[in-house]
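Q: Coordinates for the following, if possible.
(one chain, ligands or ions: 2)
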Amino acid sequence: MSPAPPVVAEHLKKRFGSVSAVEDLSLTVEEGKVYGFLGPNGAGKTTTIRMLLGLIAPDGGSVRIFGHDIRRDFKLAIRCVGAMVEGPAFYPFLTAHKNLQLFGRLSGGVPAARVDEILDRVGLLRRAGQKVGGFSQGMRQRLGIALAMLEKPRLLVLDEPTNGLDPQGTREIRELLRQIRDEGETTVLVSSHLLGEMERICDRVAVISQGRMLREGSLDELLGADDGVVELVVEPDRTSAAAEVLTRRFQIEPRRIRRGHLELIVDGRAGASEVNRVLVEEGLAVHGLHSRRRSLEQVFVELTGEVSDIQ
Ligand SMILES: Nc1ncnc2c1ncn2[C@@H]1O[C@H](COP(=O)(O)OP(=O)(O)O)[C@@H](O)[C@H]1O
Ligand SMILES: [Mg+2]
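A: Numbers count the residues shown, from 1 in each chain. Ligands and ions are numbered 1, 2, ... in the order given. Reported below is the predicted structural model:
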């Protein structure tokens, strides 16, 4: 029997009064991946994560964490989980090191060396002795991730870990998540409204809107190069010459043309390398020829028709 996946959620539902926050949401997070849980503000990400962690009860549906039902077998289910939900709360008058030690003690004690190790891991070792009250938002977020990772969880759940961070802080979190993935010991479920950011680190993503799953799949499945759509870049003043060659030699009409850029569909008849060869043969310099991959944001807009607040 293969081991139970880190997260299996089925038909989750949650209402707050008249607001339906989550509607019939199902998802599976497989071992050893970074799973992006994406959607605009108010989509229901935090509510879902709270249900996954047993922080609130769903109105319907079920959650199993490593095979254990989060409601019936809470202790077993949560044992190997580290989480940071909606910005961590720390004691501002204590140092970073003391805060982690304190929280470690609540769950049975963590050696000081482990605290240092994890502070180093998130780039806060130099700040270990400083009071958290003086920390920037980015430092607090990193300390929150350190706390979530303190006991070497097999599943790490991070709700909007890059919220409120500047580009440098965001880069640092991205690097940290990459490292965690590459080590391969921890599965990461990370929520965000920043699609562009998540595109860079996730293996699989779920895109939700208004409490419903729009798409779930690997990034390749979701973004997969538009079938055969290729962008060709030539000298701006040779644009129409290039279009003429494509039509004459391949019977290809570019679907879109602007100065120096031609978008075309190539197929078995005329692979990209063949197009390149013929253009060069006809005396046209080819500056670029690449298949077009959509962005997650484009996928979102295509799915919802909404222009999102997500980037
Ligand atoms: N405790 C609550 N009481 C009332 N409404 C809530 C509560 N928590 C969330 N909501 C509502 O549920 C919807 C989803 O919110 P949330 O899960 O926080 O979205 P996200 O994390 O994707 O931004 C929103 O409309 C929000 O206003
Ligand atoms: Mg949220």
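
Q: Helix or strand: which one has the closest residue to ligand 2 within the stretch 1-150 of the chain?
A: Per Cβ to the ion, the residue of the stretch 1-150 of the chain with the smallest distance to ligand 2 is residue 46, at 3.2 Å. C-betas here are computed from N, CA, C, even on glycine. Applying DSSP states H and E as the criterion places residue 46 in helix 45-52.

Q: contacts for that helix?
A: Residues from elsewhere that reach helix 45-52, judged by Cβ atoms under 8 Å, 6 or more residues apart in numbering: 7, 9, 12, 14, 21-22, 25, 37-39, 56-58, 61, 63, 65, 70, 83, 85-86, 157, 159-160, 189, 191, 193, 208, 211.

Q: Can you say which of those residues are buried?
A: Buried residues within these, counting neighbours by 16 or more other Cβ atoms under 10 Å: 7, 9, 12, 14, 21-22, 25, 37-39, 58, 61, 63, 65, 70, 83, 85, 157, 159-160, 189, 191, 193, 208, 211.

Q: Need the distance between the two termini of stretch 125-134.
A: Counting by Cα to Cα, to the nearest Å, you get 15 Å between the two ends of stretch 125-134.

Q: and it, what's its mean pLDDT?
A: The average pLDDT within stretch 125-134 is 94.

Q: in that stretch, what's buried?
A: Buried-residue list, stretch 125-134, by 16+ other Cβ under 10 Å: 125, 127-128, 131-132.

Q: any chance you could map the strands in the protein?
A: Along the chain, the stretches classed as strands by DSSP state E are 7-16, 19-29, 34-38, 60-65, 68-69, 81-84, 155-159, 187-192, 204-209, 212-218, 229-234, 256-258, 261-265, 286-291.

Q: With mean pLDDT added, can I get those strands in JSON lines?
A: Formatted as JSON lines, the strands of the chain follow (pLDDT from 0 to 100):
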{"stretch": "strand 7-16", "mean pLDDT": "98"}
{"stretch": "strand 19-29", "mean pLDDT": "96"}
{"stretch": "strand 34-38", "mean pLDDT": "95"}
{"stretch": "strand 60-65", "mean pLDDT": "98"}
{"stretch": "strand 68-69", "mean pLDDT": "97"}
{"stretch": "strand 81-84", "mean pLDDT": "94"}
{"stretch": "strand 155-159", "mean pLDDT": "96"}
{"stretch": "strand 187-192", "mean pLDDT": "96"}
{"stretch": "strand 204-209", "mean pLDDT": "94"}
{"stretch": "strand 212-218", "mean pLDDT": "92"}
{"stretch": "strand 229-234", "mean pLDDT": "88"}
{"stretch": "strand 256-258", "mean pLDDT": "89"}
{"stretch": "strand 261-265", "mean pLDDT": "88"}
{"stretch": "strand 286-291", "mean pLDDT": "86"}
